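> dropping a prediction and its sequence here:
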Amino acid sequence: MFRLAIVTPEQIEYEGEVKSLTAPGSDGYLGILSHHAPLITALKPGKIEFRDAADTLHVLAVSDGFLEVSNNRATILADAVENCDDIDIERARSAYERNKARLISAERGETDIDLPSVRAAIDRAANRIRIYKDTHN
Amino acid sequence: MATLRAVKKRIRTVRSTRRITKAMEMVAAAKLRRAQQRVEQAKPYAHKLDEMLSHLAAGAVGEISHPYFEERPVKKTTLVVVTSDRGLAGSFNANVIRKADQWLAQHQGDVEIVTIGKRGNDYYKRRRWPILQFFGDWGGVINYDKARQITSLLTGRFVDGNTDRIVLIYTRFLSMVRYQIVTEQYLPVAKPQVTEEVASEYIFEPSPEQIYAALMPGYATTKMVTALTESFASEHGSRMIAMGAATKNAGEMINSLTLDYNKARQAQITKELLEVVSGAEALKG
């Protein structure tokens, strides 16, 4: 068991003892168990899974953020996280379509588009859709 | 002594003023509650971010390399002054502006001002200070998009070498009735202090440089958001107290005017009685 805190600028999303954690590190998914070596990594949009003390599995969608592990404590600082049950699939789909359309119009030569931020928005929307599909079938 | 009618009119005026100040006090109290909540909610994130930065500095070998840390000889300074859009908040804006003026008096040289809030902007525009940009129309609530715009303007200017130092003057929220005006260096960021014994064999993924590159823009935004939320909460607190005092004063004024009114009324009745009595006496004559 180790301590996990998931914090966003708006609130503390989760704080408590957990048995295991997987998180989307920038170089691929990481599994964290008790007494992991000290680690700091950037997170990319993906899926956070952890098992709490009662062995319940929690699944969350995360956008960009950071993970630090030290002294048997894990801290996730994220721009935004969403519990898999709270994902608004319609909103995610429409965000996906909207940004996809902007990407296409950018390819047609429209210059007034911030490509990196559009790509990031597509990543985030696709991530939410994927996690929604994983957990609702 | 004023005539009865004039006093009555005064009482009515003061009464309607009291209604307004009372309403403003209650609105400010409601806004303060929400603003205070926002300040409390933002704290854990800002705290953890500081912690992570200090661990990163302790764990990463060698120099910290990110443009936000770069100390240069100061040729140009950007002063960011956070005031409110609306007045009637007691001495809130006057205090911030006094502090900013003190700073400006002490620091000669090339300065440009970024104003947040209409009050400060009006003040420095009237005095013909060079205002780089003005951010207003907040309505006393933090707007994250706008906070990000401000951050990217400021960091952009610093990284491009258009300014060598950015100083922030804002109001720190201590409690419902206490706030403190602070002058804080925004950029360059002071190198994080290693305060505790941290394991030095951190694993970094990807490299520390890349983590810094990802972390610092968020750090700058968080600092800005903190300064703004705290300033707004202080503004509402200050307005609540000012309006509470105004309401109390209006009440006292109504009491003393009512006393005047009753005295005048009594004097008039006495006078009339006297006239009737002395008239009757004269008839008896």
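Great, that's in hand. Please read all numbers here as calculations on a predicted model, not as lab measurements.
> what are the phi and psi angles of B:His107?
phi -110, psi 110 (degrees, to the nearest 10).
> excluding covalently adjacent residues, which one is nearest to it?
With sequence-adjacent residues excluded and distances taken as Cβ to Cβ, 6 or more residues apart in numbering or on different chains, B:His107 is closest to B:Thr77, at 6.6 Å. C-beta: built from backbone N, CA, C; applies to glycine.
> SS state for the one you found?
Counting by DSSP: H, G, I helix; E, B strand; the rest coil, the backbone at B:Thr77 sits in strand.
> in space, what's closest to B:Met240 - neighbours in sequence excluded?
Leaving aside its sequence neighbours, B:Met240 sits nearest to B:Ala28 (Cβ to Cβ, 6+ apart; 3.9 Å).
> for the one you found, what are its contacts?
If a contact means Cβ atoms under 8 Å, 6 or more residues apart in numbering or on different chains, then B:Ala28 has B:236-237, B:239-240, B:243 as its contacts.
> any regions of the chain where pLDDT drops low?
In the absence of a named chain, this looks at chain A. Flagging of chain A using pLDDT under 70 yields the residue ranges A:137.
> you looked at the wrong chain, it should be chain B
Filtered on pLDDT under 70, chain B yields the residue ranges B:1-2, B:60-64, B:193-200, B:285.
> what about A:Asp85, neighbour count?
Neighbour count of A:Asp85, defined by other Cβ atoms under 10 Å in any protein chain shown: 11.
> quick one: the helices in chain A?
With DSSP state H, the ranges of helices along chain A come out as A:89-107, A:115-135.
> return stretch B:141-153 as PDB; C-alpha atoms alone will do.
Taking Å, rounded to 0.1, in the frame of the first residue of the first chain, the C-alpha atoms of stretch B:141-153 are listed here in PDB:
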ATOM      1  CA  VAL B 141     -14.300  36.400 -11.000                       C
ATOM      2  CA  ILE B 142     -11.300  34.600 -12.200                       C
ATOM      3  CA  ASN B 143     -11.300  33.800 -15.900                       C
ATOM      4  CA  TYR B 144      -8.800  31.100 -16.700                       C
ATOM      5  CA  ASP B 145      -8.500  31.900 -20.400                       C
ATOM      6  CA  LYS B 146      -7.700  35.500 -19.600                       C
ATOM      7  CA  ALA B 147      -5.200  34.400 -16.900                       C
ATOM      8  CA  ARG B 148      -3.500  32.200 -19.500                       C
ATOM      9  CA  GLN B 149      -3.400  35.200 -22.000                       C
ATOM     10  CA  ILE B 150      -1.700  37.400 -19.400                       C
ATOM     11  CA  THR B 151       0.800  34.600 -18.600                       C
ATOM     12  CA  SER B 152       1.700  34.000 -22.200                       C
ATOM     13  CA  LEU B 153       2.100  37.800 -22.900                       C
END
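> list the buried ones in that stretch?
Across stretch B:141-153, burial judged by 16 or more other Cβ atoms under 10 Å in any protein chain shown covers B:142, B:146-147, B:150-151, B:153.
> residues in chain B within reach of chain A, list them.
Residues of chain B lying close to chain A by Cβ under 8 Å from any Cβ of the partner chain are B:41-42, B:44-45, B:48-49, B:51-52, B:55-56, B:59, B:198-199, B:201-206, B:210-211, B:214-215, B:218, B:222, B:225.
> domain map for chain A?
Following automatic domain parsing, one gets these domains for chain A: A:2-84, A:88-135.
> which of the residues of chain B next to chain A are buried?
For the residues of chain B next to chain A, buried by 16+ other Cβ under 10 Å: B:42, B:44-45, B:48-49, B:51-52, B:55-56, B:59, B:198, B:202, B:204-205, B:211, B:214-215, B:218, B:222, B:225.
> among those, which are located in strands?
B:204-205 (DSSP state E).
> just give me the neighbour total for residue 115.
Because you didn't say which chain, this covers chain A. By the criterion of other Cβ under 10 Å, A:Leu115 has 12 neighbours.
> look at chain B instead
Per other Cβ under 10 Å, the neighbour tally for B:Thr115 reads 25.
> can you give me the buried ones in stretch A:12-23?
Buried residues in stretch A:12-23, defined by neighbour count with 16+ other Cβ under 10 Å: A:13-14, A:18, A:20-23.
> which one of these is nearest to A:Leu4?
Set against A:Leu4, the nearest of the buried residues of stretch A:12-23 by Cβ to Cβ is A:Val18 (4.5 Å).
> right, I'll leave it there.
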